[in-house]
Structure formats: structure tokens, C-alpha cells
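Colleague: quick check, what structure comes out for this input:
(chains A, B and C, ligands or ions: 4)
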Amino acid sequence: MPSLLHALQTTIGRKILTGITGIFLTLFLVVHLAGNFSLFSSNPEAFNAYTEFLHSLGTLLYLVEIILVIVFLLHAYIGISIWLRKRKARPENYSVYKTSGEPSRQTIASRTMAITGVVILVFTIVHLFTFKWGPGIAEGYVTYIDGQEVRDLKRLVNDIFQNEFYVIGYTAVMILIGFHLRHGIWSSMQSLGAMSPKLSPVIYTIGGLIALALAVGFLFVPIWIYITGGV
Amino acid sequence: MQNVKTNLKTSDKLDAKIPAGPIQEKWSNHKNTIRLVNPNNKRKHTVIVVGTGLAGASAAASLAELGYNVKAFCIQDSARRAHSIAAQGGINAAKNYPNDGDSVWRLFYDTVKGGDYRAREANVYRLAEVSNAIIDQCVAQGVPFAREYGGLLSNRSFGGAQLSRTFYARGQTGQQLLLGAYSALSKEVHSGKVEMFAREEMLDLVVIDGKAKGIITRNLVNGKINRHAADAVLLCTGGYGNVYYLSTNAKNSNATAAWRCYKRGAMFGNPSFTQIHPTCIPVSGEYQSKLTLMSESLRNDGRVWVPEKPGDKRAPNDIPENERDYFLERRYPSFGNLVPRDVASRNAKYVCDDGKGVGESGLAVYLDFRDAIKRDGENTIREKYGNLFDMYHKITDENPYKVPMRIFPAVHYTMGGLWVDYNLMSNVPGLFVLGEANFSDHGANRLGASALMQGLADGYFVIPYTLGDYIAGERPEPVSTDHEAFKAVEHENIERIDKLLKSNGTKTVLDYHRHLGKLMWDHVGMSRNKEGLEKAIKEIAALKEDFWENVYVPGEQSTYNKYLEYAFRVVDFMELGELMARDALVREESCGGHFREEYQTEEGEALRDDENFAHVTAWEFAGENKVPERHIENLEFENVKLTQRSYK
Amino acid sequence: MSSEKMKLTLRVWKQKDGASKGRFENYVLEDANPHMSFLEMLDHLNEKLMKEKKEPIEFDHDCREGICGSCNLMINGIAHGPQQKTAACQLHMRHFKDGDLITIEPWRATAFPIIKDLVVNRYALDRIMAAGGYVSVGTNSAPDANAIPIKKRDADLAMDFATCIGCGACVAACPNASASLFTGAKIAQFSLLPQGGPERKRRVVNMVDQMEKEGFGDCSNYAECEAVCPVGISIDAIARMRREYMGAMKG
Ligand SMILES: Cc1cc2nc3c(=O)[nH]c(=O)nc-3n(C[C@H](O)[C@H](O)[C@H](O)COP(=O)(O)OP(=O)(O)OC[C@H]3O[C@@H](n4cnc5c(N)ncnc54)[C@H](O)[C@@H]3O)c2cc1C
Ligand code: HEM
Ligand code: SF4
Ligand code: FES
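Modeller: Numbering: from 1, shown residues only, chains lettered A, B, ... in the order given. Ligands and ions are numbered 1, 2, ... in the order given. I've put the predicted structure just below:
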């Protein structure tokens, strides 16, 4: 039987990995979104408390972050390698090419996975610089929870999303993430073989709904802040 | 029992080598006394298998398993695309799973009778005997035959058989069986015992000291002419129905390999025995390139009719019941629409000859499911025949659930082929012929679902023994492809190709093939007579001459060139067509698919002449443009009683 | 009915052999007929070309009834053309209109090198089969066919997968040129049958490895293959292949 290392490098192994990492990242997004929504909590400090709680985890947080980074990069690496392999498998393209339609799942979403993926990658870096490594206590973003001095990330969020360029950019990226997941969620289940002809359309629909929910969910925060002036 | 002799003597050149003993014991006795090749010696022998249909793929795989080095050849880009893939209906075996009284004896009996007593008893018995092992073999290979809810194999009755002995895989039985044989072949390709040459066409046979020692091939991709030497050559190249241009055979099906062997000394048995299948989709126009078969299982529920009034052009559903002629039911009250293929076909021709034919061309009859749909409901009919109905719809753009299908007979199978003895060896030692390419088991008419059985019987269960016998007896020494004989044959073929490519005429190969097809269909088709046959012989000779003067073959030798391949094949079709007419002419009787208008009963049924024609006619090449020599192998019927077939 | 005429412009890929460069060539056919099959239309064009001593177009075909898998035409950007569940040889001209421009290209994939014009070499598919697409049973060593009952449902499903005609349309239509549907169909067939049991792990591993060696692309789950497959093999085959593979990974 193949060694695990070999198996994971085969065409099926690669897909299993994109599938697992894709689901993992999707779950991360769900958690992330839940965190975002604490901005709207009746308790004005809920959001900052939440981020502070994460920091209080210390090494555990680092561990989770490292796993996240590895998963993210692995996903990105395999995704791009799949896309590059395609160019080797068909160096000369058709002069006319069309999809045959249903039951094909060839859509704008599926055809642009690599593009939306790269956008997500770039966005994520920017996003980290803006928030994670952005201005903190030293720059005056400070608040107090139970008398403790903590970083006021909530204010930073509110400030950043006053800038319309930021809002527009963020919105656009969230739409693209929606697209990525529109194909991605269903696709990951198929990649893991967790699919049957009966299940397929159901999961495809659910996948679409989750993608929509995540995209709208993430969009909601900046747009709300921009329109209402802050939360 | 009964011992029919003709007044002609069996030729000295045709020794059928039928083993002695009671028919039930012939094959096992033969296997027990046959010479064996030591396993270590098998790997010293190379065997060429031409063709990878059911017969070829099963033979190549089985021989490779035994240890022989096998070189396998086919025209298509993959072994899996051989014409066998297209068989729809099923494969017979005497398993008697439905417990309806079937047995090896009955299958044997029915096959000899179905062939109108023109097949060799011993061969047919062996076929029936090994039929069960075929099913076992295929199931073990993972062939997904149809099953019952209990998980056991399902059978159906087919082609008018009184028993349910046909195994099937939906409407794609041939496909599944071939994929099974192809998988066995692939396994041996992988193990290195079979060297597979796809897109490599055999052009000629090389005979050295009277024995088959190799072949000359053309690589269809780059045109290279190659020599291949071996200790034996197995020809598994299928049938020659395409002599008629329009047939249900695949476009690449051809006679070339068999014909070249004929010209190198192998005798051609019963070339005129052709099967015309009654349920095909009719021709729709001049451009038609092939005919599509609709499984004859359709006749289980469909009713065949034509308008009673000649020239009645009303839409079928507007023709009232009392103005319809259900001619099969009328003429054959007991078998009705289920009469054998030859009878159904001929009767369709007669009503069309009377001007009652339907459709634009007037060359079609209706196959109507109205009553069956009324009786069983559309869903039941859809379950049984859905894929066939869809296929019909796709091709004709008519919905057979609403309007009756139009069908017409078409050439489907050739019972004739190279003459072989009981060991499947031709009269040229070392040249074996398997599957549809030989003449052996079906006499003058093949029963439905028995060609697949024969192809696999030959390949899996007969040749592994009989080839060993030849090799052990012969102990052939390897020959070099540098031998003069290889050079000479190669040279002849290169010259022929050059000649074809240089002929810069005005007519295309297709023009000739169509012309030949029409001559054959009109005169050597469903119904034949002396005058027509003589005319055909003359006209084909003229056509041949015209061909070499006026044909145009495009392109070059060194690239893929389908029309060059085609030209090569059509030349052979013309020559074979002439022989078919000759064979039909000398067989002054009607039997099975061979119907001579001069020899019929008062009611218009086939009239056999067992006194003078219970024999195989085998033709020996006598030189270009010379009348070939006719040989006879008398058939002895010791087990089956000869009766007149009656389906009234 | 066979008197209706259609005028067509055909834009066809011409390429002398594998080593040469190809190009498109335009042909005008004045008298196509709606009842012709697509291949008969090409025959007809070829006849005209040859009468003018011009080179005919090479295309692959054999059975012309959708079962041998020889025909392989990319018609207006869709493998086997616009009618689903229909091989190019079963496609009829009534699905086109008078005056249409039809682009015809060969299958394009590294694993399917062009031989001439529209004819490609698909030996790669055979090699995938040779890597494990069989049950290793020797001739004459099989038990009685009814010795092992198989649930009708499984047998029927196995048959669904077994009907693959090996045409390669799935590869041709796949944006990645992946052969997953073809390979998955065979693996899925055997995974459903007890006969396929003993070798199932080796089979999937070897066939998948071979698929990769041949230079086919990965599967991104576009499902375009299912849409163009002339026998409608479902991408369930691919899901099953992946499950089989995961089973094999477990050792
Ligand atoms: C439409 C249709 C339906 C049928 N249905 C049934 C059925 O239901 N039941 C049944 O029992 N029978 C059926 N038959 C008959 C049966 O399919 C054939 O008789 C049988 O498959 C022939 O098998 P074969 O192995 O002899 O030859 P084929 O399958 O014809 O194979 C011939 C092989 O020889 C190769 N070849 C030919 N010439 C050359 C050459 N010169 N050089 C190299 N290779 C060459 C070809 O490439 C091919 O591989 C049907 C036939 C047709 C046409
Ligand atoms: C939040 C981040 C991300 C999430 C939630 C996510 C999610 C997913 C999911 C669920 C899939 C389907 C997996 C499968 O087909 O088996 C997928 C596929 C893919 N992802 Fe991502 N992804 C993310 C980031 C990225 C990044 C950063 C890249 C690349 C730079 C990327 C590139 C791809 C590509 C190319 C595919 C398609 C793989 C294929 O063609 O088979 N993704 N993604
Ligand atoms: S899976 Fe479908 S498209 Fe692919 S080779 Fe088989 S029949 Fe052709
Ligand atoms: S020619 Fe056989 S499938 Fe199209």
C-alpha cells in the first residue's frame, strides 16, 4: 500500500488535502464571523473581551495560529499547484469552448477558484497588517475591561471602516470569498468522497447558502459601520 | 439414426479431424489425448493474434496466461473498440437456471436446427458444452450481468427460442463481455506476456513451407510496413457483412485479413451464408453510412404490419385496424412475430416488393407497440425497451411510444468464413481462425445470442488446447523476418499501396463500395436466383476492373490515411463479393439465410435439398481472375434428425 | 424529408501529423441534410473534397452507434456536441440550423497526442486499465456463476458504471484535462462487486498512479465530464474512487 506521504501527493491525495483544509478554513470563517458579530452585542465590550480572551490563551493561541497558517498555506499551495498542473495537462487550449450545462458545475465560481483564492491570500495579509499587527495600545487604542488595560480593537474596526475605499475593497473581497465557497463547500465534500447522486444537489444548495451567509455576514459589519457611523 | 450423404465426396484437402466416440465424449476425449506443451517450452513460442474482439481478446489473454508470448493486433486505437462491443441482446448458455428444461443437448440441437442443418455436429456440441463455463468466467471477471432480486442471474428468451437461456447486461451485452475479455487482455499486457499493437492492420499472411509463419502489417499512424514472425497465427478478425456496404457492422469491419489468407491457400467456407436481421432502422437517404440494429427482443411485444392497400400513404395511426396486414401473424399463426430472423426478413421484403412498404422510400414495415402499451402500460414498455426507444428517437426524430417504429432488414452477420477443422485450424497448418471469421458453428443461419457464445468459446476454451496440440506436434523452429518469404510478401503489399496511391481517377472508394453494396443486396441478398447471381458475378468483375482504372485515393502512405485503408479493404470486398455470388450460385437449394427463389415450397418457404447439399462448400484460390476450385466437406448427422423447419 | 438542404460553414482543425503544426481551415458545405448524422455530414464533405482532388478530413469512428467510443469531436466547444448523452456519431444535423458555423476540434490534452487532423491517440486510457482495471482470474478457474449472489441494486449500479465507452470526452471537456471520470467508473464498478474485492486496494492505487503518470490533470469537481459523457456516467464514480483510495490508505 502507498505510504501516507506518497498517497497525499497523488491527484486524489491532493484533493483530499484541499478538501480537508478547505473545510477547516470554512469552519474558521464561521468562528471568525461569530466573533465579528459580538460587535453588535448589547454588552459594548463584548468584542474586545472576546479578543482579549483569545490573547489570554497564550501558547494555545499560538498553536492554533500556527496550525491555521499551515493549513492556509497548504491549501493555497495545493490549490495553485492544481491550477498550474492544468496548464501542463492541456498546453493548447480550444479555440471555442463551452460548458454543456447541467449537470455540469462549471460556473464562474468554479472557474475562478484560483483567482478568488489568490485574492483571499493577498487580502488576508493586508487584513492581518491592518488589524492583527495594526495600531494597538501604544497608538492609543486602549480600553478597560474589569479595570484591565486592553487593546480597543473595536474602535480600530470602527475607524477603519469609515474609509470608503476600505469598505468597498473589503466588500469586494467578501463577495469573492462567497464565490470561492459557492463551489468550495460542495466541492470539498465531493473531494472527500462524502457524496452520492442524491446528496449532491442538496449539498450544492446548502453549500451555496452557507457561502452566501458567510459573505453577507462578513459584509454586514463594514457596511453597517460605514452607514451608521459606528457600533 | 440417420446418415445423409451427398453424391459429392469430401475433398481430400478437408480433413475435419472430428474425434471419434459418442458426441458427448468427443471433446473430453480429445482434450485427454491431445499433445501438451511443457510449460517451460511455452515461453519459447510466439503466437500472433489478429483481432481483439471477443474471440481475439479471450484467446490472447488465455494463451498469455499459459505462458505463450502473444502479439495482438487491432485496427482501432484500443482493443476494447472491436466490433463485438456493439452486440446488444445477449449470450446463450445451457445453465438451465430458470429450470425450464434446458440442457447442453437442447442447446446443441436448437443450434444445429437453427442453422438449418448445415453445421458440423461435433463443433456445435462442443460449443454447447463449454457455454456454461463462459458465463462462469465472465461473472468472475466482474461482468455485471442482469440479476433478479434474489441476487441470482437473470435469463430471458431471445430470438424466438422456446427457453430462457440468454444472459444479458441490459442492451449492452457485447460491450460488457468484450470489456471482460479486454480486462483479461489488459492484465496480460501489463504482465508483459502480450505485446499489443493497436492501429496496426494485418495486410497479408506469410506462409513458409506450407505453414503460417507470420504476417505483414501496416502501422496506421505512420504507414510503416512491418513484419511479424510467429509459430502460429490466429485470425480473429470478425465478419465480412460490409461487403454489402450498408450493414450493422462497424465501419472498420472488413474481410481483408481473411481474404489474404484465402489468397495464400486457406479455403473459404460457405461464403454466401449471410444473415439478414429483420429489425434495423431503415435507410433514410443516399448519404446513409451504416445501419443500426434494434434488438430483436422488440419482436416480443411489437407487432409487425403494413397497410393492406399498396401505396397507402396515410399516417400509420390513421390506418384503421381492418386495413392493416399483420403479415407475420397471418402467415405464421403459431410463431407470429417471433419467427426466425431469415423468415421475418424475407417476408418484410415480399410485402415491400408488393408495394406495401412504408416510409418515404417504401422500404420499411411498421413495428407497432400500440397494443403492448395498451396492455402493459407505457412504463412497463419503457422499462423493457427504454434505451432502444431512445436510440430510435435519436436517429429518426420520431417518438416510438406514439407512432409505430419503421424497420427493415439489414445485413448483420456472416455465417461463412475461413474453413477450419475441429481444432479451429484452417487447411494451412499454423493458421487458426476463431470467432465470426471462421465458418464453423452456425450453419446457414445463426440463432440470436450465439455469436458471442461462439467467440468466447473459441478463445477461452478451445484454442488453449488445440493450439498446444499443434505446437507440441509441430515443434516449430523460430523463423526470421529476414526470410525471403517475408520480403516477397511485404514487397507485393508495398506495390499494391503504391498502385492505389498513384491511381488518380475521378471516383472515390465510397462510390465503388456503394455500387458493390447495391449489386450484392439486389442479387446476393435476402432472396437470390440464378440469373441475378450470374449477373452479379459479371458486374462485380467489371466493377473491379473499373476500380483500378478510375479510383482516386487521396493522401500519402506515411501518415494516418483512412481512405487508403478503405481502398485496400474495398478491393478485397469486391473479390469476396464475387466469390459469395459464386457460392450462392452452386448451392442449388434454399437453406437458412440462403434463399434461392428456384427452390421453395408451394407456400414460398425455403426448400432444402439434404440429398445433394448437406455439405460445406469450401473454395480454394486458383490464381488471379481464375475460377476458384470448389471443395466439399460432407456433413454427417448422427445425432440430429433432419426435418423441415416449420413455423406455421 | 430528405430533400431539405442546409448550408454550413465548417471550421475544422487540420494537422498533418503529431510533429507538425496545425491550423483551422474553413469549408463550405452547401447541401447538408438534417437527417444526416454528424459523421455522415463529414463523409459527405470528404467525398466532395476528394472529387475536387483535395485532402479529406481525418476523423476517428467505427461503430457509429455510440458504443465503441471511437468518435471524438469537439463540436462548437462541447465534447460530442450540443446534444447531451449522445456520442458525436449519434448526433444528427437536425440539431443545427441552416447557415450555421460549426467549429470542429480534436480532443486536446497532453495525454492525447494528435495523430492527424481530428484523430488523437488515447493509449493512455488503455494503460490506466492495464494498471489494474481487471479482476485477476485465470481462464477456466471460475466458480459457478451463481455461487455468489449479488444484490440486484449493486449489480445494476455496477452496470451503470460499466457502460463507459472509453471515448475520453470526460478528459476533453474537463478544464483540467483530468481522466478521473473514466478511471473512477472502472474502480466504482469493481468496488460494487464481490469479485472485485480482493484486489480493490491495489487496483485503486495503481490506476490512480498511472493516471497521474500519463499527464492527466487533477479533478477540480467541475462535473463537466458528467455533462458531456455520452452514457451519462455520474461523478459519483469519482467520489467512490476517492473513498476507495482512502480505504486503501488505511492499509
Ligand atoms: C449490431 C450487432 C449486434 C449483435 N448482437 C449480438 C447478440 O446480441 N448476441 C450475439 O451472440 N451476437 C451478436 N452479434 C454478433 C456478434 O457481435 C459478432 O459476431 C461477434 O462479436 C464477432 O466477434 P469476433 O471476435 O469474431 O470479431 P470482432 O468483434 O468483429 O473483432 C474483429 C477484430 O479484428 C480486428 N481486425 C479486423 N481486421 C483486421 C486486420 N486486417 N488487421 C488487424 N486487425 C483486424 C478488429 O480491429 C477487431 O479487433 C451482433 C452483431 C452486431 C453487428
Ligand atoms: C478563508 C480562506 C479559504 C477558504 C475558506 C477556502 C475554502 C476552500 C474550499 C472549501 C475549497 C474546496 C476544496 C475542494 O475542492 O476539495 C477550496 C478550493 C480551492 N481553494 Fe480555497 N479557501 C480559502 C483560501 C484559499 C486561498 C488563499 C487559495 C489560494 C491562493 C485558495 C485556492 C483554492 C483553490 C485553487 C481551490 C480549488 C482546488 C481545485 O481546483 O481542486 N483558497 N477552497
Ligand atoms: S466516462 Fe463517459 S466521457 Fe469518460 S470515457 Fe467513459 S464514456 Fe467517455
Ligand atoms: S463511432 Fe463508435 S461511439 Fe461513435
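Colleague: give me the mean pLDDT for the host helix or strand of B:Val616.
Modeller: For B:Val616, the host element (DSSP states H and E) is strand B:615-620. Taken as a whole, strand B:615-620 has a mean pLDDT of 97.
Colleague: which strands and helices sit next to the helix or strand that it is followed by?
Modeller: Where DSSP H and E defines the elements, the next helix or strand beyond strand B:615-620 is strand B:629-634. Where contact means 3 or more CB pairs under 8 Å, 6 or more residues apart in numbering or on different chains; DSSP states H and E, strand B:629-634 is packed against strand B:615-620. Placement of C-beta: from N, CA and C, glycine included.
Colleague: quick one: the strand it packs on to strand B:629-634, angle?
Modeller: For strand B:615-620 against strand B:629-634, the angle by axes from the mean of the first three to the mean of the last three CA atoms, to 10 degrees is 150 degrees.
Colleague: adjacent strands (with direction) for strand B:615-620?
Modeller: Next to strand B:615-620 in the sheet, as set by DSSP bridges, lie strand B:268-269 (antiparallel), strand B:629-634 (antiparallel).
Colleague: what residue is smack in the middle of chain A?
Modeller: A:Leu29 (5.3 Å; CA atoms, centre = their mean).
Colleague: let me redo that: chain C
Modeller: C:Cys167 (2.0 Å).
Colleague: how far away is B:Arg519 from ligand 3?
Modeller: Residue B:519: Leu, not Arg. Separation of B:Leu519 from ligand 3 (CB to the nearest ligand atom, to the nearest Å) stands at 38 Å.
Colleague: quick one, what contacts the residue of chain A found nearest chain B?
Modeller: Per CB to the nearest CB, A:Ser100 is where chain A lies closest to chain B, at 16.5 Å. With contact set as CB atoms under 8 Å, 6 or more residues apart in numbering or on different chains, A:Ser100 has these partners: C:78-79, C:82, C:84, C:173, C:224, C:227-228.
Colleague: ok, and the closest non-adjacent residue to it?
Modeller: Closest residue to A:Ser100 apart from its sequence neighbours, by CB to CB, 6 or more residues apart in numbering or on different chains: C:Ala227 at 4.1 Å.
Colleague: was I right to think that neighbour contacts A:Pro103?
Modeller: Yes - counting by CB atoms under 8 Å, C:Ala227 touches A:Pro103, with 5.5 Å between them.
Colleague: check contacts around the residue nearest to the centre of chain A.
Modeller: With contacts defined as CB under 8 Å, 6+ apart, A:Leu29 is in contact with A:177, A:214, A:218.
Colleague: mind telling me what element the first one is part of?
Modeller: Right, A:Ile177. Here A:Ile177 is covered by helix A:164-191, with elements defined by DSSP H and E.
Colleague: close to ligand 2, is that helix?
Modeller: Yes - using CB under 6 Å from any ligand atom, helix A:164-191 reaches ligand 2 at A:180-181, A:184-185, A:187-188, A:191.
Colleague: now do the helices in chain A.
Modeller: Assigned by DSSP state H, chain A shows helices spanning A:4-9, A:11-37, A:46-56, A:59-89, A:108-111, A:113-127, A:153-160, A:164-191, A:199-228.
Colleague: CA atoms of the third one as PDB?
Modeller: Listed in PDB are the C-alpha atoms of helix A:46-56, where the atom choice follows Å, rounded to 0.1, in the frame of the first residue of the first chain:
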ATOM      1  CA  ALA A  46     -18.100  42.000  24.300                       C
ATOM      2  CA  PHE A  47     -16.000  42.300  21.200                       C
ATOM      3  CA  ASN A  48     -12.900  43.400  23.000                       C
ATOM      4  CA  ALA A  49     -13.500  40.900  25.700                       C
ATOM      5  CA  TYR A  50     -13.600  38.200  23.100                       C
ATOM      6  CA  THR A  51     -10.300  39.200  21.500                       C
ATOM      7  CA  GLU A  52      -8.800  39.600  24.900                       C
ATOM      8  CA  PHE A  53      -9.900  36.100  25.800                       C
ATOM      9  CA  LEU A  54      -8.200  34.800  22.700                       C
ATOM     10  CA  HIS A  55      -5.000  36.500  23.700                       C
ATOM     11  CA  SER A  56      -5.200  35.200  27.200                       C
END
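Colleague: buried set for it?
Modeller: Applying a neighbour-count criterion of 16 or more other CB atoms under 10 Å in any protein chain shown, one finds A:46-52 buried in helix A:46-56.
Colleague: so which of those reach ligand 1?
Modeller: Of those, not one also sits near ligand 1 (CB under 6 Å from any ligand atom).
Colleague: format the residues you listed as CSV; extra columns: pLDDT and distance to ligand 3.
Modeller: Output for those, formatted as CSV (pLDDT from 0 to 100; distance: CB to the nearest ligand atom, whole Å):
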residue, pLDDT, distance to ligand 3
A:Ala46, 88, 54
A:Phe47, 89, 52
A:Asn48, 88, 56
A:Ala49, 88, 56
A:Tyr50, 90, 50
A:Thr51, 88, 51
A:Glu52, 88, 56
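Colleague: tell me, how many residues neighbour the residue in the stretch 1-150 of chain C that ligand 3 sits nearest to?
Modeller: Ligand 3 sits closest to C:Gly69 of the stretch 1-150 of chain C, with a gap of 6.2 Å, by CB to the nearest ligand atom. Using other CB atoms under 10 Å in any protein chain shown, C:Gly69 has 28 other residues around it.
Colleague: show me the contacts for it.
Modeller: Contacts of C:Gly69 by CB under 8 Å, 6+ apart are B:78, B:80-81, C:87, C:165-168.
Colleague: what count of nearby residues applies to the nearest residue to B:Gly160 once chain neighbours are set aside?
Modeller: Spatial nearest neighbour of B:Gly160, excluding adjacent residues (CB to CB, 6+ apart): B:Leu338 at 4.3 Å. Counted with other CB under 10 Å, residues neighbouring B:Leu338 total 19.
Colleague: quick check, pLDDT for B:Leu338.
Modeller: B:Leu338 is given a pLDDT of 87.
Colleague: list the buried residues of the helix holding A:Ile177.
Modeller: For helix A:164-191, by 16+ other CB under 10 Å, it's A:166-167, A:170-171, A:173-174, A:176-191.
Colleague: separation between the residue nearest to A:Ser100 and ligand 3?
Modeller: C:Ala227 sits 10 Å away from ligand 3, going by CB to the nearest ligand atom.
Colleague: so that residue, which state does it fall into?
Modeller: The assignment at C:Ala227 comes out as helix when based on DSSP: H, G, I helix; E, B strand; the rest coil.
Colleague: for it, what are its contacts?
Modeller: A:99-104, A:106, C:84, C:173.
Colleague: for the spatially closest residue to B:Gly435 that is not a sequence neighbour, grab the count of nearby residues.
Modeller: Once flanking residues are discounted, B:Gly435 sits nearest to B:Ala55: 2.7 Å by CB to CB, 6+ apart. B:Ala55 is flanked by 36 other residues according to other CB under 10 Å.
Colleague: tell me which element B:Ala55 is part of?
Modeller: Per DSSP H and E, B:Ala55 falls inside helix B:54-66.
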